[in-house]
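Enquirer: just coords:
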């Protein structure tokens, strides 16, 4: 069964506990992690992050539930930004 609270391991070495379904940008802000943004509508890709190796656009995505109760986030690298 997936956990309703997820422990997120951020790229700056911090961790935070977040409710599944929370907005990624707000979860990052609360953890002191700056995720770059552009359009805030999902079309530019500036806010792409990797969550357990899967790329998501943080401005339009929410924290998913996790069977293990943990997620690891990395900032996606885009050579055009």
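Expert: Looks like it came in fine. The structure presented is a predicted model; accordingly, all values stated were derived computationally and were not measured.
Enquirer: which residues sit in contact with the closest residue to residue 15 other than its chain neighbours?
Expert: Nearest non-adjacent residue to residue 15, counting by CB to CB, 6 or more residues apart in numbering: residue 9, 5.3 Å away. Just so you know, the C-beta spots here come from the backbone N, C-alpha and C atoms, and that holds for glycine as well. Listed by CB atoms under 8 Å, 6 or more residues apart in numbering, the contact partners of residue 9 are 15, 70-73.
Enquirer: quick one: low-confidence ranges for this structure?
Expert: Along the chain, segments meeting pLDDT under 70 span 1-3, 78-81.
Enquirer: For it, just list every one of the helices.
Expert: 24-31 (DSSP state H).
Enquirer: for it, what spans make up the strands?
Expert: Here the chain has its strands, by DSSP state E, at 5-9, 15-19, 48-51, 54-57, 70-75.
Enquirer: Check which helices and strands the longest one sits against.
Expert: So the one you mean is strand 70-75. strand 5-9, strand 48-51 (3 or more CB pairs under 8 Å, 6 or more residues apart in numbering; DSSP states H and E).
Enquirer: Any idea which of those gets closest to residue 19?
Expert: strand 5-9 (5.9 Å; CB to CB).
Enquirer: Adjacent strands (with direction) for the closest one?
Expert: Paired strands of strand 5-9, with direction, are strand 15-19 (antiparallel), strand 70-75 (parallel) (DSSP bridges).
Enquirer: Would you mark the buried spots in it?
Expert: 6, 8-9 (16 or more other CB atoms under 10 Å).
Enquirer: Can you add distance to residue 49 and give those residues back as TSV?
Expert: Shown next, in TSV, are the buried residues of strand 5-9 (distance: CB to CB, whole Å):
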residue	distance to residue 49
6	14
8	10
9	12
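Enquirer: and which of those is nearest to residue 29?
Expert: Distances from residue 29 to the buried residues of strand 5-9, taken by CB to CB, are shortest for residue 8, at 12.4 Å.
Enquirer: Pretty sure the closest one sits against residue 63.
Expert: Yes: counting by CB atoms under 8 Å, residue 8 sits close enough to residue 63 to count as a contact (7.1 Å).
Enquirer: Overlap of the contact sets of the two?
Expert: Joint contacts of residue 8 and residue 63 (CB under 8 Å, 6+ apart) are 18, 27, 71.
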